[in-house]
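Novice: Whatever this is, show me its structure:
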Amino acid sequence: MALTIAVLGWDLAERMTAPPERPAVPGEEHTVQPYLPSARPGMPGPEERRPGRVPAADLRKPMVIELVAGGRLEARGAITPGTAERFAAEIARLGDYVKTVVLNSPGGSVSDALAMGRLIRERRLDTKVEASGLCVSSCPLVFVGGVNRIAEGGSAIGVHQVFTGRRSAGAPPADAAEGMAGGQRVSAECQRHLVAMGVDPRVWMSAMETPPQEMFYFSAGELLELKLATAARS
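Specialist: Prediction:
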């Protein structure tokens, strides 16, 4: 108990003095939409009004990485450029105390999500989306990093088309051909990541078939069948 209190106090002090989130590089800015409608007939999307859901306005804010009891590291909010660096710093600082990363995120930066997922697997951590939680867009790239991946009943896990929009500061906007080539590179990287984590590549097919203004939400059975989750409850 004393160790838990000490670590939590240390975490609070660090967050109070932490530097502000690194601003996005031009071309990386995009607005995440936490509660998008379902792209699937008969499969409802998550409702913001449901008890326990975090308001959309809060989920659009840069991700808060917060240590709580029981070796859980909560990661709540948008994955903005630089989030992976902050996440890695917290993991390094807390060491073996962290056992599970609890996600509640509408996604965001694909490159940061990929880095976070790889680090989670490297450290042999578990991941979890709680009953009122959300893990959509690029967030599943983080979730699949878990050795054990738990999706509680009522959680919402989904994918759709993603993009990075990344380019060097001051560079002119990419033309259509360059943008398409970049999108294909990102798509290939995401698919390789899912396969490396032991996930069925059909997950990415669902993502590429779903427009960015909608979301392909998975049922509890599909999460297990596609190996997105190792434990899921309907």
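Novice: is it true that residue 188 lies in a strand?
Specialist: No - under DSSP: H, G, I helix; E, B strand; the rest coil, residue 188 falls outside any strand and is assigned helix.
Novice: Tell me how far it lies from residue 208.
Specialist: With distances taken as CB to CB, to the nearest Å, residue 188 is found 11 Å from residue 208. Using the backbone N, CA and C atoms, a C-beta is placed for each residue, glycine as well.
Novice: Show me which of the two is the more surrounded one.
Specialist: residue 208 (15 against 11; other CB atoms under 10 Å).
Novice: Give the full set of residues in contact with that one.
Specialist: 161, 187 (CB atoms under 8 Å, 6 or more residues apart in numbering).
Novice: Could you pull up phi and psi at the closest residue to residue 133 other than its chain neighbours?
Specialist: With CB to CB, 6 or more residues apart in numbering as the criterion, residue 133 has its nearest non-adjacent residue at 4.3 Å, and that residue is residue 104. In terms of degrees, to the nearest 10, the main-chain angles of residue 104 are phi -150, psi 90.
Novice: could you say what helices and strands the helix or strand containing residue 135 packs with?
Specialist: Assigned by DSSP states H and E, residue 135 falls within strand 134-136. With contacts defined as 3 or more CB pairs under 8 Å, 6 or more residues apart in numbering; DSSP states H and E, the packing partners of strand 134-136 are strand 100-104, strand 156-159.
Novice: what's the closest of these to residue 59?
Specialist: Smallest distance to residue 59 across these (CB to CB): 7.2 Å, for strand 100-104.
Novice: From the chain's centroid, how far away is the closest one?
Specialist: Computed by CA atoms, centre = their mean, to the nearest Å, the chain-centroid distance of strand 100-104 equals 9 Å.
Novice: was I right about residue 129 contacting residue 104?
Specialist: Yes - if you go by CB atoms under 8 Å, residue 129 and residue 104 touch, sitting 7.2 Å apart.
Novice: who's in contact with the residue most central in space within the chain?
Specialist: The centroid of the chain falls nearest to residue 139 when counting by CA atoms, centre = their mean (2.1 Å). The contact partners of residue 139, by CB under 8 Å, 6+ apart, come to 79, 103, 105-107, 113, 157.
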